[in-house]
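Trainee: Build me a model:
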Amino acid sequence: MPANAEHSEHRHGAQNVEHPDRVLGELAARQHGVVARRQVEDRGVTRRMLKRRVASGQLVRLHRGVYAVGHARLTRDGWWMAAVLAAGPGALLSHRDAAALHGLRPPGNHVRWEVTTRGRASSTDRIRVFGTTTLRAEDATTVDGIPVTSVARTLVDLAGVVPEAQLTKALNEVERQRLFDLRAIERAMAATARRNGRGHAAMRQALARLRTIGAPVTRSELEDRFVALLDAHDLPRPATNASVEGMEVDACWPQQRVAVELDGWGTHQTRQAFQNDRERSNDLTVADWALLRFTWADVTRRPEQTAARVARALARGRRYPPDP
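Mentor: Okay, here's the model as predicted:
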């Protein structure tokens, strides 16, 4: 069809419709050079207009209903965005590709992109689609404009598709970036509890390994700040949220038999919590553990005194031989 015919189609096909090239250009600029047919059709671009631009090379088909604008020499972000668009509304980049986008692992050389959706999209030879009914609002975020699973959901998904060594590396990177959120990981695991495979078992094992080497597997900002305080005063890192004498404590140094409880008011303001705290303290004392209790003010306003108390407790603990 001649150019003037297309102009006539655009002029007479609908009122107040933007020029198709402007629509394509604006979307491509925001989406790493790619657009979805459903997006441009919502703004008045017809399938005939799209077909004409595919035939002329102005659009390059990447997946069904997804096109690159101008050329197909896309960045990795462009290919990731294209995969998400191809899987339909609400789809998220996930698993290994999500971990790469978050900077938790190298991108890899595979050409089958991984996405998760609640929709009915099917896998292709270029896209692996993970169908799910458990995507929650907190499982979704965006990085560089690309819809992607959250760090916590990404780690839980990753646990089911990579070897343990790669999962451990990803967790170490999360720690290095100070993005570790144990509560978010636990919520993601609870939401996917019916999932088949050994991913959850692998995640639990990886978290247990982190605890044994003193990695800060924390659940709260107060715990994060306590670990940072220890680092700032060159004190050894504890195991966090670890089991001691059948009880979970916020932090501990097993060889020195020193444990720490961090008392945020929000979790210790009921009568039952008060009673439980006393019982735990007594049980640990009877078992020859030194238990230190610190508040938010101790950690944030009196860091020198808090660090000194920890140091003295650890020094005293070293006088005692470890359990046989």
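Trainee: Leaving out the residues flanking it, which one is nearest to Trp253?
Mentor: Nearest residue to Trp253, sequence neighbours excluded (Cβ to Cβ, 6 or more residues apart in numbering): Pro238, at 5.3 Å. Every residue, glycine included, has its C-beta placed from N, CA and C.
Trainee: for Thr132, same thing?
Mentor: Nearest one to Thr132, counting by Cβ to Cβ, 6+ apart, is Thr116 at 5.6 Å.
Trainee: Nearest residue to Glu304 in space, please, no chain neighbours.
Mentor: Ranked by Cβ to Cβ, 6+ apart and with sequence neighbours excluded, the top spatial neighbour of Glu304 is His233, at 8.0 Å.
Trainee: Kindly provide the distance from the residue nearest to Trp253 to Leu229.
Mentor: Distance, Pro238 to Leu229, using Cβ to Cβ, to the nearest Å: 11 Å.
Trainee: Do a quick rundown of the helices in this protein.
Mentor: Listed in chain order, the helices of the chain (DSSP state H) span 3-13, 20-30, 37-41, 47-56, 76-86, 95-101, 151-159, 164-176, 182-191, 199-212, 221-232, 271-286, 296-300, 303-317.
Trainee: now those in TSV, with mean neighbour count?
Mentor: Converted to TSV, these look like this (neighbours: other Cβ atoms under 10 Å):
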stretch	mean neighbour count
helix 3-13	12
helix 20-30	16
helix 37-41	17
helix 47-56	14
helix 76-86	23
helix 95-101	25
helix 151-159	27
helix 164-176	17
helix 182-191	18
helix 199-212	17
helix 221-232	18
helix 271-286	12
helix 296-300	16
helix 303-317	16
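Trainee: and the ones you listed, which one is worst for confidence?
Mentor: Out of the helices of the chain, helix 3-13 stands lowest, with a mean of 50 (criterion: mean pLDDT).
Trainee: hang on, the earlier thing: for the residue nearest to Trp253, what are phi and psi?
Mentor: phi -90, psi 170 (degrees, to the nearest 10).
Trainee: Surely it is in contact with Asp231?
Mentor: No - between Pro238 and Asp231 there is no contact under Cβ atoms under 8 Å: 11.3 Å.
Trainee: Specify the residue ranges that define each domain of the protein.
Mentor: 3-69, 76-210, 214-317 (automatic domain parsing).
Trainee: and the end-to-end length of the second one?
Mentor: It refers to domain 76-210. 32 Å (Cα to Cα, to the nearest Å).
Trainee: switch to numbering from 597
Mentor: Fine by me, first position is 597 from now on; the one you just mentioned is domain 672-806.
Trainee: so how far is that domain from its chain's centroid?
Mentor: 7 Å (Cα atoms, centre = their mean, to the nearest Å).
Trainee: And the first one, by the same measure?
Mentor: Computed by Cα atoms, centre = their mean, the chain-centroid distance of domain 599-665 equals 34 Å.
Trainee: what's the answer for the last one, then?
Mentor: Centre-to-centre, domain 810-913 and its host chain are 27 Å apart (Cα atoms, centre = their mean).
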